[in-house]
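Peer 1: All I have is the shape, not the residue letters:
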């Protein structure tokens, strides 16, 4: 069994690296959105031409990024969505809803202070983890049946 | 043509009433989540028994509410999601993602200060409105072909 | 919002009547399998001709009953599955799995002594109730937003 | 033609080994749930943190196990479900229903004393086998067209 | 529960009338292909213009008839396919395959001398009946739970 | 059998009226896009606010119109697409492709001079008609089995 | 582009060999039902145990064969169905209907004397060929864009 | 992440070569329709036999080409549709609609003078590009996160 994992959400800490490094040796593949914040914001206008209006500037970029995001979620067996401490992170919650509607196995990675605000998102998940190492432990258990010592 | 509309998101202002009243006479039906905040938070434990742990308290309620939410979105032709000025509102963004993945026509109702934070959500929408009257205008136009004077 | 409910599982107690009577006045419709045990066992051979072999006797009946069961589950918004105190009740668990794969909202009605044996089934459910009145309370809340006093 | 097989159900005998060894040389791949009973029961709390309440202890584990089970069934061409002599085995029947709703080819492996109790499950299957060697014979015939001597 | 029934296949005897009359009082609706043989053969060229080539003459008619057939099968809960004593009746078997792939409940109505030739079709069915009265008995049982005296 | 018809394409002649009037008395319902050309072009900016850039002006309108178009096609049993003598009419061909991918029964209404240019579109259709009366004849035949005298 | 082809239908002539040999060098894979007639008829009882009743003898075999047939059709891009000169061949027409409902590209291989009887089947096909070499020519053209000299 | 791209539409300029050469080194695969105009027009009659009637001549070819087109679009992650300066190009718009209904990521490649005529098509796209180099830039960004200097 190979698990395809999509790592969605917060892009300011190294949680993706922690998971991909922790999962070395497991039969997994990882995909993510583009995590270069500036590139992600401006990709639309840089490639397709400038916009006077900031709304359409953002829109063009979000549409281009959607090519990657939709593909990543559609192909995934497991979608991990991390909510960080700051910002609205509506795109993370949007991805979680999108993945849930497609029947993907959802793992939410968040701190307890957000439990109440995330209760509807968590209710669609198969696991709520507090740190990246737990996600790795889940992947190892799911693939190999072994638990942390 | 009858349009079934699901009104998701912010529950602290009267935007739902503005839309349903404005749409009187149109061939539409409306559904919404339970908008009684206290009932929505506690429905799980009141019906199914108390939990010591606040996480499971929330979880039981979120699961019961999901019966209504999933049905409302699955049945809808159009899902309107309103983002208010306050709170994380991750359930609103989750509903938007869920609706998008099901191919529903999405209308987002939000103020310009959230444009950047909502750009991925807006990119999945067919309209971004600033006030409830615009949503009514859209419904009237879609159903009857008439535009505001 | 009208909810279509399918009541699957145990056929030896009056739990279906308790739910349908308790739900009077709510915007719900109910379907169930044929709950006449003898008719359910023998419908295949009585209608389509006797079988020497008990296996095919059972098989013909199970196939005819499947016409009703599949329709009932496919049309339902909510599938309630009750596990009683006795018997293997594999058809109840089969219905639960079938409903889960179709994305139906699942309510399991069972006693705590079966919690461990039903943990995989419960994990696919949006509510685990202990008595029929709780199912009625859920339906009322989901449809009308009101909680028991 | 490569057949992907998921082996669901009873975990106390060596039927999986009999099938995988018997099928050596055939163009098949096999997946199974985690069959280490203790790990399977406790994976949720060991990885994600202890629960005071046994129900949630079980629930967390069942949810984590569902990541593997859903993937295994969704990817399979053929789902073999074995019912043993003991226990309720509701998860086995649940998997059978889940697989049936997804249109998977279902092979049930069970003893005749359970024929009546399993008649609805058997009615959704393409074969009812009595021992693992018959499952191997089916796989060999389906893949290579050859029958046992 | 209302059952929508599509009556496919042989058009030279009154089996459809026997079923619809026998089912009076039941909560069923019936659809059928156009059973006027001459109209069915010539509808394409009469409406859309003559063809010199008999192949395209037939083709135009078959395409127009497909509008009705596909709708009838797609909407049905139960598809009854009758195979008569004569002719190739490939359209009947085609409809059966089409219905099976859509997951419809299939009832085959045929005489025993065709059992061997129809074994693959029968294997996809939930009932194989020998006369129209049995189909009526099945519908009554499925809808009302009552068996013939 | 009730047929739901969506009438897509050319908006400069009265072909829709010819069909709806010709079909009086048949068990059909009709939907269409908004056929008021000016309203259709400007609905986006009139309701949601002006755009400096003509591209986004058009875009906003096309998105709002898509709410109606998608609903009309998704609900339809039969999609009739008329190609007129003038203009590019790419939205008509787009609707035809959209309907074909959803498995709708497609009727194309066009003149012979466009046969070659429309051959891929026609190849996905169940009928190619030359005038609206033929479409009415098809609907009458499909619903009632009667042919024009 | 790799095309996966399923070769269904008549098993008494060497048409499959003609196609697979003619297609050597093309980027195609082929699957077929078990074409050993005796094995195909008796596989059910030889593997799973004898039946007194010929109907169930046939049934068990047809069910086992369905494991292969369903997989072959579900995986295919193109389903070729050959109708021979003799026999009812209802399983061929059933496969054609099954493939059509799944949206597979269908090629029918048959002689002109069956054109009228097969008109509904042909109407669902993208090509009607008269000899296996034409099927090879289609595959070569589809994959490489080259036509026979 | 590997992206499968289908390049649909205009066949008279070298835009496909520009994209495939520009994308060298990226993790992409490309498919296209047969772009040999004469072969594409005549493939049906050359392989399957001549037709007196030009309509059926075209029809047979369009059906054979559909085998390739449907496969190419169904397998693609991204469908690029180019509209050229001349001709009706209804097959291009048809492919765009077909791809949109399947939920594919759509990139439209067209000149500004067609913006108004293509507004409904563009409204279903995630990017509207003006030259092939922009399509390459999008693919590189989506796959590698890097933007043009």
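Peer 2: Arrived safely, thanks for sending. All values derive from a computational prediction rather than experimental measurement. Residues are numbered from 1 along each chain as shown, chains lettered A, B, ... in the order given.
Peer 1: Can you classify residue A:29 as helix, strand or coil?
Peer 2: Classification of residue A:29 by DSSP: H, G, I helix; E, B strand; the rest coil places it in strand.
Peer 1: quick one: pLDDT of the closest residue in space to it that isn't next to it in sequence?
Peer 2: Excluding the flanking residues, the one nearest residue A:29 by Cβ to Cβ, 6 or more residues apart in numbering or on different chains is residue A:4, at 5.2 Å. The C-beta positions use only the backbone N, C-alpha and C, and glycine is treated the same way. Looking at residue A:4, its pLDDT is 98.
Peer 1: quick one, phi psi at residue A:4?
Peer 2: The phi/psi pair for residue A:4 (degrees, to the nearest 10) reads phi -100, psi 120.
Peer 1: That one touches residue A:80, doesn't it?
Peer 2: No: if you go by Cβ atoms under 8 Å, residue A:4 and residue A:80 don't touch, sitting 11.5 Å apart.
Peer 1: do you know how far the one residue sitting closest to the centre of chain A is from chain H?
Peer 2: Residue closest to the average C-alpha location in chain A (Cα atoms, centre = their mean): residue A:8, at 1.0 Å. Going from residue A:8 to chain H by Cβ to the nearest Cβ, to the nearest Å gives 14 Å.
Peer 1: One more: residue A:146?
Peer 2: 29 Å.
Peer 1: what does residue A:1 give?
Peer 2: Distance from residue A:1 to chain H, by Cβ to the nearest Cβ: 20 Å.
Peer 1: tally of neighbours for the closest residue to that residue other than its chain neighbours?
Peer 2: Sequence neighbours aside, residue D:31 is the residue nearest to residue A:1 in space, at 5.3 Å (criterion: Cβ to Cβ, 6+ apart). Residues near residue D:31, counting by other Cβ atoms under 10 Å in any protein chain shown, number 18.
Peer 1: Run a quick check on residue D:31 versus residue D:72, I expect a contact.
Peer 2: Yes: shown here, residue D:31 and residue D:72 form a contact pair, counting by Cβ under 8 Å, at 4.2 Å.
Peer 1: who touches both of the two?
Peer 2: Common contact partners of residue D:31 and residue D:72 (Cβ atoms under 8 Å, 6 or more residues apart in numbering or on different chains): A:1, D:6.
Peer 1: Not counting residues beside it along the chain, what's closest to the closest residue to chain F within chain A?
Peer 2: Among all residues of chain A, residue A:56 sits closest to chain F, at 5.8 Å; criterion: Cβ to the nearest Cβ. The shortest distance from residue A:56 to any non-neighbouring residue, by Cβ to Cβ, 6+ apart, is to residue F:56 (5.8 Å).
Peer 1: and that neighbour, how many residues sit next to it?
Peer 2: Around residue F:56 there are 18 residues (other Cβ under 10 Å).
Peer 1: Next: residue A:14.
Peer 2: 10.
Peer 1: What of residue A:118?
Peer 2: 26.
Peer 1: that older thread, the residue of chain A closest to chain F: helix or strand, and which one exactly?
Peer 2: Under the criterion of DSSP states H and E, residue A:56 resides in helix A:54-75.
Peer 1: Can you check what angle separates that helix from helix F:54-75?
Peer 2: Angle, helix A:54-75 to helix F:54-75, by axes from the mean of the first three to the mean of the last three Cα atoms, to 10 degrees: 40 degrees.
Peer 1: Enumerate every residue touching the residue located most distally from the centre of chain A.
Peer 2: Centroid-distance maximum for chain A: residue A:52 at 30.9 Å, with Cα atoms, centre = their mean. Contacts for residue A:52 (Cβ under 8 Å, 6+ apart) come out as F:52-53.
Peer 1: try it again with 7 Å
Peer 2: residue F:52 (Cβ atoms under 7 Å, 6 or more residues apart in numbering or on different chains).
Peer 1: go on, residue A:78?
Peer 2: For residue A:78, counting by Cβ under 7 Å, 6+ apart, the contacting residues are A:3, A:5, A:104-105, A:107, D:67.
Peer 1: ditto for residue A:142
Peer 2: Here residue A:142 is in contact with A:3, D:67-68 (Cβ under 7 Å, 6+ apart).
Peer 1: same check, this time on residue A:126
Peer 2: Residue A:126 neighbours (Cβ under 7 Å, 6+ apart): A:105-107, D:63-64, D:66-67.
Peer 1: Quick check: closest non-adjacent residue to it.
Peer 2: In space, residue A:126 is closest to residue D:63, 4.5 Å off (Cβ to Cβ, 6+ apart).
Peer 1: and the gap between the one you found and chain H?
Peer 2: For residue D:63 relative to chain H (Cβ to the nearest Cβ), the value is 28 Å.
Peer 1: Mind jotting down where the helices sit in chain A?
Peer 2: Taking DSSP state H as the criterion, chain A carries its helices at A:15-22, A:37-48, A:54-75, A:90-101, A:119-122, A:132-144.
Peer 1: Skipping adjacent residues, who's closest to the residue of chain A found nearest chain C in space?
Peer 2: Nearest residue of chain A to chain C (Cβ to the nearest Cβ) works out as residue A:103 at 7.2 Å. Excluding the flanking residues, the one nearest residue A:103 by Cβ to Cβ, 6+ apart is residue C:103, at 7.2 Å.
Peer 1: The one you found: how many residues sit nearby?
Peer 2: So residue C:103, with other Cβ under 10 Å, has 12 neighbours.
Peer 1: for it, phi and psi?
Peer 2: Residue torsions, per degrees, to the nearest 10, at residue C:103 are phi 80, psi 20.
Peer 1: Could I get the phi/psi values of the closest residue to residue A:54 other than its chain neighbours?
Peer 2: In space, and not counting its chain neighbours, residue A:54 is closest to residue B:115: 7.2 Å by Cβ to Cβ, 6+ apart. In terms of degrees, to the nearest 10, the main-chain angles of residue B:115 are phi -60, psi -50.
Peer 1: In this structure residue B:115 contacts residue A:57, no?
Peer 2: No: using Cβ atoms under 7 Å, residue B:115 is not in contact with residue A:57, being 9.9 Å away.
Peer 1: Enumerate every residue touching residue A:111.
Peer 2: So residue A:111 contacts A:85, A:130 (Cβ under 7 Å, 6+ apart).
Peer 1: From chain H, how far out is residue A:135?
Peer 2: From residue A:135 to chain H the distance is 20 Å (Cβ to the nearest Cβ).
Peer 1: Next: residue A:108.
Peer 2: Between residue A:108 and chain H the computed distance is 23 Å (Cβ to the nearest Cβ).
Peer 1: Quick check, that residue in contact with residue A:124.
Peer 2: No: the pair residue A:108 / residue A:124 is not scored as a contact, 8.6 Å apart, by Cβ under 7 Å.
Peer 1: and chain A, which residues reach chain D?
Peer 2: A:1, A:3, A:77-78, A:105, A:126-127, A:129, A:134, A:137-138, A:141-142, A:145, A:147-148 (Cβ under 7 Å from any Cβ of the partner chain).
Peer 1: What is the nearest of those to residue G:37?
Peer 2: Minimum distance to residue G:37 across the residues of chain A next to chain D is 37.9 Å, recorded for residue A:1 (Cβ to Cβ).
Peer 1: Test my guess that the closest one contacts residue D:32.
Peer 2: No: Residue A:1 is beyond contact range of residue D:32, at 9.3 Å (criterion: Cβ under 7 Å).
Peer 1: any residues in contact with both of those two?
Peer 2: With Cβ under 7 Å, 6+ apart, residue A:1 and residue D:32 have no common neighbours.
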